[in-house]
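*Asks:* Predicted model and sequence follow; I will ask about them next.
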Amino acid sequence: MEMKEQILAEFRQIAGTLINSSIEKVKKEHGIIIAYTCSFVPEELIMAAGALPVRIRATGSISAGIADDYFAAANICSFVRHIFKTIVEGAYSVADGIIIGGGCDANRHIYDNLKRSPLTIPFLETIFFPHASNRFTTDCYLNELKDLKGKLENHFGREITDEKLWDAIRTCNETRRLQLELYSLGKAGNPPLTGSEVNSVMLSGSSMPKSEYNLLLQQLIQELRASEPRAASYNARLMLIGPGHDDPSMSRIIENLGGALVFDLTCYGGKMIIGQVDETTTDPLQAIAGYQVLTRPLCPKNLNAQEHINRIVLETIKEYRVDGLIAQNFLCCDMWGGAQFILNKELREVGIPMLRIEREYPMDAAGQLTTRIQAFMETISGGSI
Amino acid sequence: MIDIFKQLMGQSQQGMIGLTIDAINAYEGPCVLSDVDCMVEIPAAFGIGFSALAVTGAVGTGLPGGAELIDNGVALGVESRMCNAIKSAIYYVESGRCKKPDMIITTNACCDAMDTLSNVMNHYKPWSDVPKFILDSPHTYDEDSYAYFGRQLRQSVTFIEEVLGKKLDWDRFRNICLESNKQTRLIMEFQELKKAVPVPAHPDFARQGTEISRWINQRLSPEVTRWLEQLVEVTEERVRTGQGIDGVTEKVRFLWWDLAGSWPPSLLERVQRELGGIAVVDYVSYGTWTLIDMTSEESIFTSLAKRFLLEGPMTRQALHSTDLFLDDIMRIVKDFKCDCVIMPAHIGHRDTNSRLKAVRELCREQGIPCLILGLDIWDKRYMTPETAFDRINTFLITTGLI
């Protein structure tokens, strides 16, 4: 197997499981593992505490199980329920701690419900993420970071120095730079990777030590740059937006229909590669706060996010020559439902077609989704697929 | 006495009309449009109008044509299971039925749907040139949080000053805060009186009385203060004479732990009339009633912030932790001598629907009968009033409460 395929196979394996060999190795060597939800939980802070941050996923979950006892199934987003079920059933029992990000109403209650669950979590914390982007909210988030830093230091008995924070910032910035570079390859007429392959690479990024990941990713990019371009065989260049996208199945549906998924602005994907933590300032926590609150406020729960979302989508459409946008949302996600409603109006004005899909987390309606996406792609390409 | 009650009820219903979309559109003069009912003292001090669009959407669902309004909101294509009050409010904006405001102030409180309404208001193209200000409501309720939100409220004053091109009249602001405190004390007294057995005031009246005193644009006027004084006076007399609600034999007292909504008030009236069950408290009619601390400029804004974060209708319940939510249930059941808890569990409330197990378990541990309905408080087509009544009736019979 050529090197590129080997690396991709490794990423696919990591993305397809919740606890992979890298995580197990850290555990075996008595390292600290902290699992977290939401991209607004700062990995840099966890890494500076000498711990491995692992983003919680529900990949492969087909039933919300016990979560439906905690969250009313008909009225709460199935992604949150599946995430909660995955934690409560012990999939992340390898973790020494769990941090729940602010996010939406249902997501916040993962924390409240975990406190009341039979699970014993040695370190269970939550971090509030502000709903606006300005100097007040940046300061507020900075205080949250300071608070979390203190709790991590106290619980794990490790001092988090500025030096360690800067080290972590540099590593995470390098991850973001490499991921952005990988995405940029999709601008080509014939992207070297499929959307689902990029999904696997991105999911792996928050499921293994960053230093290992960066090396692998760097190698993959080199291989991709050196290899012969793939033959362009797609019938439409598409972009995907929406909340948690921790399962490449949706991307595969698009690809199986002959679509090229050239960019995704989702919580585990493209949202992670926007911007960098400023390395030129003096206070590392302040730099992280500025990055999270001002540079990448891309969750519609933040009332300043919509303009960023609209701008990034429109720029991406141009840069990646996107023919159409697929906006997927989980039922009962008010935030993305509203954001996509507003975005759709913007796109109509510039003549970009957008397909809106509301679905449950498990891909058990794949046939129906395939039909809808196929119809959408036929509309774009002006012929049957 | 009864006549005064009727008169007051009439006034409160009049006030409700003041919350409709037509009332907003009829308002002449500068107006700030918000998603939620916060910081009324500030626009009042500037002498400008204030409307909370979420409240207007909610009121709209209860007016003739409410179902059509909801259907129009659904047809817009926001999240299909979003709260119908918010969908209605969004429809008012998107259909051009809401007149262009002079400024928009929005916040994330109290729920995800409200955030969506804020986002829609802030990105509605015909309003793109309207000055906007965003307040970040934290999910915490401690002194730091109040100070944080207070600083933003202070900043909102600067924002309004810039839009209007005139400075805040601090003397007028202080007087309004003093009037607000008078009203708050009266509301607090009224809440205390409702602890009496039997409940001295009609629940609808109690609820609307409190709502209106808090929500209407002119709520900070001396007229409203006099209105509340009468309310307290009349209610005190009823408590003294052991008088309950006219024509009702009180058998069961319960906590209705959600908003009353647009159609459930008639359901609750039927429960009261036919079953002797009284909804003593709901989201709107309960508070810890923070007084504005007039010591300094900072203390004024910090205490206003505390009032909003802890007493904004539904903000207290939806914005904060399950711990506060459960503590309130326990406190209210004890203080107001409730026999049981009824959770309407409005389908659009993601917060409540994320903590029903916690409520059930708390009630079970404490031996408090608890009924979870799962209805739509803005749309009676989801669970009909008949079905809801039958479920409450069955619950009260099977638990031996009636």
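*Replies:* Nice, thanks for sending it over.

*Asks:* contacts, neighbours, all on C-alpha from now
*Replies:* OK.

*Asks:* Hmm, A:A64 is touching A:I76, no?
*Replies:* No: taking Cα atoms under 8 Å as the definition, A:A64 is not a contact partner of A:I76, at 11.1 Å.

*Asks:* Which of those two has more residues huddled nearby?
*Replies:* Neighbour tally, A:A64 and A:I76, criterion other Cα atoms under 10 Å in any protein chain shown: the higher count belongs to A:I76, 28 against 22.

*Asks:* For A:M3, give its distance to chain B.
*Replies:* For A:M3, the distance to chain B equals 44 Å [Cα to the nearest Cα, to the nearest Å].

*Asks:* how many neighbours does the closest residue to A:A231 other than its chain neighbours have?
*Replies:* If you skip the residues right next to it in sequence, A:A231 has A:N190 as its closest partner in space, 6.4 Å away by Cα to Cα, 6 or more residues apart in numbering or on different chains. For A:N190, the number of neighbouring residues by other Cα under 10 Å comes to 18.

*Asks:* how about A:N190, secondary structure?
*Replies:* Under the three-state scheme (DSSP: H, G, I helix; E, B strand; the rest coil), the conformation of A:N190 reads as coil.

*Asks:* A:M3 and A:L224 touch, don't they?
*Replies:* No: applying Cα under 8 Å as the test, A:M3 and A:L224 come out as separate, 9.9 Å apart.

*Asks:* In terms of packing, which of those two has more residues around it?
*Replies:* Neighbours around A:M3 and A:L224, counted as other Cα under 10 Å, are more numerous at A:L224. The numbers are 18 against 12.

*Asks:* name the element that one belongs to?
*Replies:* When elements are assigned from DSSP states H and E, A:L224 belongs to helix A:210-226.

*Asks:* which helices and strands sit right next to that helix?
*Replies:* Contact analysis of helix A:210-226 by 3 or more Cα pairs under 8 Å, 6 or more residues apart in numbering or on different chains; DSSP states H and E lists helix A:3-16, helix A:162-184, helix A:195-205 as its packing neighbours.

*Asks:* For the ones you listed, state which one has the densest average packing.
*Replies:* Per-residue neighbour counts averaged over each of the helices and strands packed on helix A:210-226 give the maximum for helix A:195-205, namely a mean of 25 (mean count of other Cα atoms under 10 Å in any protein chain shown).

*Asks:* Show residues contacting that one.
*Replies:* With contact meaning Cα atoms under 8 Å, 6 or more residues apart in numbering or on different chains, helix A:195-205 is reached by A:8, A:11-12, A:14-16, A:175, A:179, A:182-183, A:213, A:217, A:246-249, A:251-252, A:255, A:260-263, A:268-269.

*Asks:* One more pass at 6 Å, please.
*Replies:* Where contact means Cα atoms under 6 Å, 6 or more residues apart in numbering or on different chains, the residues beyond helix A:195-205 that reach it are A:11-12, A:14-15, A:248, A:251-252, A:261, A:269.

*Asks:* so for it, what's the average pLDDT?
*Replies:* Regarding helix A:195-205, the rounded mean pLDDT is 97.

*Asks:* what angle do it and helix A:162-184 make?
*Replies:* Orientation note: helix A:195-205 sits at an angle of 170 degrees relative to helix A:162-184 (axes from the mean of the first three to the mean of the last three Cα atoms, to 10 degrees).

*Asks:* tell me which element residue 150 falls in.
*Replies:* Since no chain was named, I'll use chain A. With the criterion set as DSSP H and E, the secondary-structure element containing A:G150 is helix A:135-156.

*Asks:* please go with chain B instead
*Replies:* When elements are defined using DSSP H and E, B:G150 is found to belong to helix B:143-164.

*Asks:* report the angle between the axes of that helix and helix A:135-156?
*Replies:* Relative orientation of helix B:143-164 with respect to helix A:135-156: 170 degrees, computed using the same axes, to 10 degrees.

*Asks:* And helix B:143-164, how far out from the chain middle?
*Replies:* A distance of 22 Å separates the C-alpha centroid of helix B:143-164 from that of its chain, computed with Cα atoms, centre = their mean, to the nearest Å.

*Asks:* Can you give the contact residues for that helix?
*Replies:* Helix B:143-164 is touched from outside by B:167, B:301-302, B:305-306, with contacts defined as Cα under 6 Å, 6+ apart.

*Asks:* And stretch A:299-309, by the same measure?
*Replies:* Counting by Cα under 6 Å, 6+ apart, residues outside stretch A:299-309 touching it are A:131-132, A:297-298, A:335.

*Asks:* same deal with stretch B:188-196?
*Replies:* B:232, B:336.

*Asks:* ok, and for that stretch, which residues are buried?
*Replies:* If you call a residue buried by 16 or more other Cα atoms under 10 Å in any protein chain shown, then stretch B:188-196 has these buried ones: B:188-191, B:193-196.

*Asks:* Can you give me every residue that contacts the closest residue to chain B within the stretch 51-200 of chain A?
*Replies:* For the stretch 51-200 of chain A, the nearest residue to chain B under the criterion Cα to the nearest Cα is A:F71, separated by 4.4 Å. The neighbourhood of A:F71, defined by Cα under 6 Å, 6+ apart, consists of B:353-354.

*Asks:* Show the residue spans covered by the strands in chain B.
*Replies:* Read by DSSP state E, chain B holds these strands, from start to end of the chain: B:31-34, B:49-52, B:103-107, B:132-135, B:252-256, B:277-281, B:340-343, B:370-372.

*Asks:* Give me the angle between the third one and helix B:143-164.
*Replies:* Using the same axes, to 10 degrees, one finds that strand B:103-107 and helix B:143-164 are set 170 degrees apart in direction.

*Asks:* Say whether chain A is contacted by strand B:103-107.
*Replies:* No: Strand B:103-107 lies out of reach of chain A by Cα under 6 Å from any Cα of the partner chain, never closer than 7.7 Å.

*Asks:* helix, strand or coil for the residue nearest the centre of chain A?
*Replies:* Central residue of chain A (Cα atoms, centre = their mean): A:Y268, 1.2 Å from the mean position. For A:Y268, the secondary-structure state derived from three-state DSSP is coil.

*Asks:* Please tell me the pLDDT value assigned to it.
*Replies:* The per-residue pLDDT reported for A:Y268 equals 95.
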